[in-house]
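>>> Predicted coordinates and the sequence they were generated for:
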Amino acid sequence: MEAQVITETNYASDPLLGPALITLDHVHKTYQMGDIEIHALRGVSLHIDRGEFIAIMGASGSGKSTTMNILGCLDKPTRGHYSLDGQDVSTLSRDELADIRNRKIGFVFQGFNLLSRTSALENVELPMLYLGLKTSERVQRAKEALEIVGLGDRMNNMPNQLSGGQQQRVAIARSLVNQPSIILADEPTGNLDSRTSVEVMDVFQQLNRERGITIALVTHEPDIAQYARRTIVFKDGRIKNDYMIKDPRSAREELESLPAIDEDDEDEE
Amino acid sequence: MNLLLTFRVAIHALGRNKMRSGLTMLGIIIGVGAVIAMVAIGQGASAQIQAQIANLGNNMLYVIAGSQSQGGMRGGAGSITTLVPEDVDAIERECPSVKAASPNVGANGQLIYGNQNWVASSGINGTNEKFPEIRLWPIAEGDFFTEGDVRTAARVCVIGQTVKDNLFSGSDPVGQTMRIRNLPFRVIGVLSAKGQNQYGQDQDDTVIVPYTTAQKKMLSITWIRMAMVSAISPAATFTAQTQIEDLLRQRHKLGPNQENDFFVRNLTDVAEAADQSSKIMTNLLASIAGVSLLVGGIGIMNIMLVSVTERTREIGIRMAIGARSAAIRRQFLIESITLSVVGGIFGIALGIVATIVIAKTLNWPTLVSAWAIFASVVFSVLVGVAFGYYPARKAAGLDPIDALRYE
């Protein structure tokens, strides 16, 4: 099913609705590699409102990963400003950024990035450890998060006892357990087969639709981008395209139309 | 993140790789075990020597009559008859470094009480009333003889524990009359048990009588075989020796070209030297063992560095989800401290077991000291901190983006 594309628009935040969740204001990022300066970002301005589901696309070297790193407070802009949840985070210290990541950002990675030999439950508890929550609250919230992603019965499994799709769902549970302002997913389906990819996108769509969680995902697969409601395309360190998808694909409907598969058959390491 | 939690995270991380954690600990286990066992051996030897020193008496010197030379034939030590009780009085009176002195004459012979008889292996010793003070050998029952007994050459005796056990078989010897070389003596006291001397001789197998009694009633001599001298302090044994030598040369009217007709043996001196050398040996052993502990520490650093590299991605994940640098540093530091402390505890157990095995199989004296255990624990914590700090700092200093991308 092809998603319909509506025309490019300029998304300024509406002053009546308060500030946008995320505002990038002429963000530049320059890396120094020996004598050469690499301009990864050349003035990116962007608004993301609460509840959006955005796909960020672009060729490698287009600046999409750098943007994700900056959005994720893993990196700081060389110039320009980044405001998250009304707070200018472009000048914060390393430790302050760590706290922002802990409280306001959830990460989902291509390679799942779960701690090995650590149960699903403990993996999901991890962000709350650094938040300093009590054990009972950590366990309770981790269980809830795992139930949301449909892994209520796999809590004590180690990552190597879970399929790729299940591991990614543990990672999603981990990303949402501290109730972040935004979940940033970097190629979350890159290591998954197509059916599992749809399943993972279903989880994202549910979180976005039912819980209003803001999601930004980086992908190079146009198919995957069409599950989002807005697409931002990067090229040469700038935003080339920024458009709404009028009728995104529904992962749920696609799954229902696919033949059922026993979960245990899709194990992959 | 609080310390207890960090500790649990660290334990969990170590538990994920039990084999490696165990092998890393082995370095510390062996190091701490070696230190404890070596110190135990050294201190055991030292304690044994100390006990012997205490056994020797009160800063004691022996003045032994010299050998007699006649027509080229030399008799053994004690064969000369020039050492007399008056010399002993003079030593005590005129040598400032001397606290007390007693003549000593020895005799052998049969001891009889009732239907029991016995020959004391350490012989019959004639001394004056200062014997308990000089030998640091207290009386267990009854009394020692007095100056009056010595002056009157009384037929009284004090017996050692072995003699008591063999002649009196359980009954109270004090006040009884026994026969020494067929002469009746009244037993007035029993010495406390002293045990063996450093040559394995049973010191308790003896009878002490006034030296005058031994001279007149047993041996019919006026000279003495030797004198026991107690110096005022361990260090004073040296000056006492010189003073005694000068005094006796003068009293024996020896010219500048004549040899001494006596020997002075400074027992404390010999023992102190032995003690000193055993202490040096202890330190040497401990240092060698300390080197193995150091190597164990370097092992920890090595493993921690490998671990930081290997777990770069884990560090990246932790940072991405909000771990501050300090939390990462603390985690790795606690991991290395845990390795070293747990290793240290096992090492203490190993050290104690090794000490017991050495003591049992080689029959060496050993002494496990609380001090060595305490020092090992402190040292292993220090090793953990010292050798864990650099890897921990390295981990904490990683850039989260690079760490996440690390393959």
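Cool, got the structure.
>>> For the rest of this, base every contact and every neighbour count on C-alpha atoms.
OK.
>>> Low-confidence bits of chain A, can you list those?
Low-confidence segments of chain A (pLDDT under 70): A:1-19, A:260-269.
>>> any chance you could map the helices in it?
A:64-71, A:94-104, A:120-131, A:135-148, A:164-176, A:194-211, A:222-225, A:251-257 (DSSP state H).
>>> Pick the most buried one from the ones you listed.
helix A:164-176 (a mean of 27; mean count of other Cα atoms under 10 Å in any protein chain shown).
>>> interface residues of chain B facing chain A?
Residues of chain B lying close to chain A (Cα under 8 Å from any Cα of the partner chain) are B:1-2, B:5, B:16, B:313-314, B:317-325, B:400-401.
>>> Just the buried ones out of those residues, please.
Neighbour-count burial (16 or more other Cα atoms under 10 Å in any protein chain shown) applied to the residues of chain B next to chain A gives B:1, B:5, B:313-314, B:317-325, B:400-401.
>>> residue in the stretch 51-200 of chain A nearest to chain B?
A:N102 (3.9 Å; Cα to the nearest Cα).
>>> can you pull the contacts of the closest residue to that residue other than its chain neighbours?
Closest residue to A:N102 apart from its sequence neighbours, by Cα to Cα, 6 or more residues apart in numbering or on different chains: B:G322 at 3.9 Å. By Cα atoms under 8 Å, 6 or more residues apart in numbering or on different chains, B:G322 lies in contact with A:A98, A:D99, A:I100, A:R101, A:N102, A:R103, A:P127, A:Y130, A:L131.
>>> what's the answer for B:S380, then?
So B:S380 contacts B:I28, B:V32, B:I337, B:S340, B:V341, B:G344 (Cα under 8 Å, 6+ apart).
>>> just to revisit the earlier point, the residue of the stretch 51-200 of chain A closest to chain B contacts B:R324, doesn't it?
No - between A:N102 and B:R324 there is no contact, the gap being 9.4 Å when judged by Cα atoms under 8 Å.
>>> Could I get the contacting residues of the residue of chain A most remote from its centre?
Most distant residue from the mean C-alpha position of chain A: A:D35, 34.0 Å away (Cα atoms, centre = their mean). If a contact means Cα under 8 Å, 6+ apart, then A:D35 has no contacts.
>>> what's it sitting at in phi/psi?
phi -90, psi -10 (degrees, to the nearest 10).
>>> Now intersect the buried ones among the residues of chain B next to chain A with the helices, please.
Reading helices off these with DSSP H, I get B:L5, B:R313, B:E314, B:I317, B:R318, B:M319, B:A320, B:S325, B:P400, B:I401.
>>> Might you enumerate the residues of the stretch 1-150 of chain A proximal to chain B?
So the stretch 1-150 of chain A meets chain B at A:69, A:74-75, A:94-95, A:98-103, A:105-107, A:113-115, A:117, A:126-127, A:129-132 (Cα under 8 Å from any Cα).
>>> quick one: average pLDDT of stretch B:187-202?
For stretch B:187-202, mean pLDDT rounds to 85.
>>> just to revisit the earlier point, export the contacts of B:S380 to JSON lines and tack on pLDDT, secondary structure and neighbour count?
Output for the contacts of B:S380, formatted as JSON lines (pLDDT from 0 to 100; DSSP: H, G, I helix; E, B strand; the rest coil; neighbours: other Cα atoms under 10 Å in any protein chain shown):
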{"residue": "B:I28", "pLDDT": "87", "secondary structure": "helix", "neighbour count": "33"}
{"residue": "B:V32", "pLDDT": "88", "secondary structure": "helix", "neighbour count": "35"}
{"residue": "B:I337", "pLDDT": "89", "secondary structure": "helix", "neighbour count": "25"}
{"residue": "B:S340", "pLDDT": "88", "secondary structure": "helix", "neighbour count": "33"}
{"residue": "B:V341", "pLDDT": "88", "secondary structure": "helix", "neighbour count": "25"}
{"residue": "B:G344", "pLDDT": "90", "secondary structure": "helix", "neighbour count": "30"}
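>>> For the residue lying closest to B:I64 once chain neighbours are set aside, which residues are in contact?
Using Cα to Cα, 6+ apart and skipping residues adjacent in sequence, the residue nearest B:I64 is B:M226, 4.3 Å away. The contact partners of B:M226, by Cα under 8 Å, 6+ apart, come to B:Y62, B:V63, B:I64, B:A65, B:G78, B:L83, B:P103, B:N104, B:V105.
>>> How about residue 32, nearest residue that isn't a chain neighbour?
No chain in the question, so chain A it is. Nearest to A:Q32 is A:I38, by Cα to Cα, 6+ apart, at 6.2 Å.
>>> you looked at the wrong chain, it should be chain B
Sequence neighbours aside, B:G347 is the residue nearest to B:V32 in space, at 4.9 Å (criterion: Cα to Cα, 6+ apart).
>>> host element of that neighbour?
helix B:325-361 (DSSP states H and E).
>>> got the residue ranges for the helices in the stretch 101-250 of chain B?
All helices of the stretch 101-250 of chain B, identified by DSSP state H, counting those that start in this stretch, fall at B:131-135, B:147-151, B:161-163, B:211-213, B:236-251.
>>> And the third one, what does it pack against?
If you count contacts as 3 or more Cα pairs under 8 Å, 6 or more residues apart in numbering or on different chains; DSSP states H and E, helix B:161-163 packs onto no helix or strand.
>>> Check the last one too.
Under the contact criterion of 3+ Cα pairs under 8 Å, 6+ apart, helix B:236-251 touches strand B:60-65, helix B:85-94, strand B:262-266, helix B:267-310.
>>> Could you say which of those is packed most deeply?
Taking mean count of other Cα under 10 Å, strand B:60-65 is the most buried of these, at a mean of 25.
>>> Specify the angle between that strand and helix B:267-310 in degrees.
140 degrees (axes from the mean of the first three to the mean of the last three Cα atoms, to 10 degrees).
>>> Which neighbouring elements make contact with strand B:60-65?
Secondary elements touching strand B:60-65 (3+ Cα pairs under 8 Å, 6+ apart): strand B:226-231, helix B:236-251, strand B:262-266, helix B:267-310.
>>> coming back round to it: list the residues that contact the residue of the stretch 51-200 of chain A closest to chain B.
A:P127, A:Y130, A:L131, A:N178, B:A320, B:I321, B:G322, B:A323 are the contacts of A:N102 under Cα under 8 Å, 6+ apart.
>>> List just the one of the helices of the stretch 101-250 of chain B that sits closest to A:E210.
Taking Cα to Cα, helix B:236-251 is the member of the helices of the stretch 101-250 of chain B nearest to A:E210, at 96.1 Å.
>>> if I look at the closest residue to B:M60 other than its chain neighbours, how far off is chain A?
Once flanking residues are discounted, B:M60 sits nearest to B:S230: 4.7 Å by Cα to Cα, 6+ apart. Per Cα to the nearest Cα, to the nearest Å, B:S230 is found 72 Å from chain A.
>>> Phi, psi for B:T81 please.
Main-chain torsions, B:T81, degrees, to the nearest 10: phi -110, psi 20.
>>> Highest mean neighbour count out of the helices of the stretch 101-250 of chain B?
By mean count of other Cα under 10 Å, the helices of the stretch 101-250 of chain B have helix B:211-213 as the most buried, with a mean of 26.
>>> Could you pull up phi and psi at the closest residue to chain A within chain B?
Using Cα to the nearest Cα, the closest approach of chain B to chain A is made by B:G322 at 3.9 Å. Here is the backbone geometry of B:G322 (degrees, to the nearest 10): phi 120, psi 10.
>>> What pLDDT does the model give it?
91.
>>> Reformat the contacts of A:N102 as JSON lines; add distance to B:E245.
Below are those laid out as JSON lines (distance: Cα to Cα, whole Å):
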{"residue": "A:P127", "distance to B:E245": "86"}
{"residue": "A:Y130", "distance to B:E245": "82"}
{"residue": "A:L131", "distance to B:E245": "84"}
{"residue": "A:N178", "distance to B:E245": "92"}
{"residue": "B:A320", "distance to B:E245": "86"}
{"residue": "B:I321", "distance to B:E245": "86"}
{"residue": "B:G322", "distance to B:E245": "84"}
{"residue": "B:A323", "distance to B:E245": "81"}
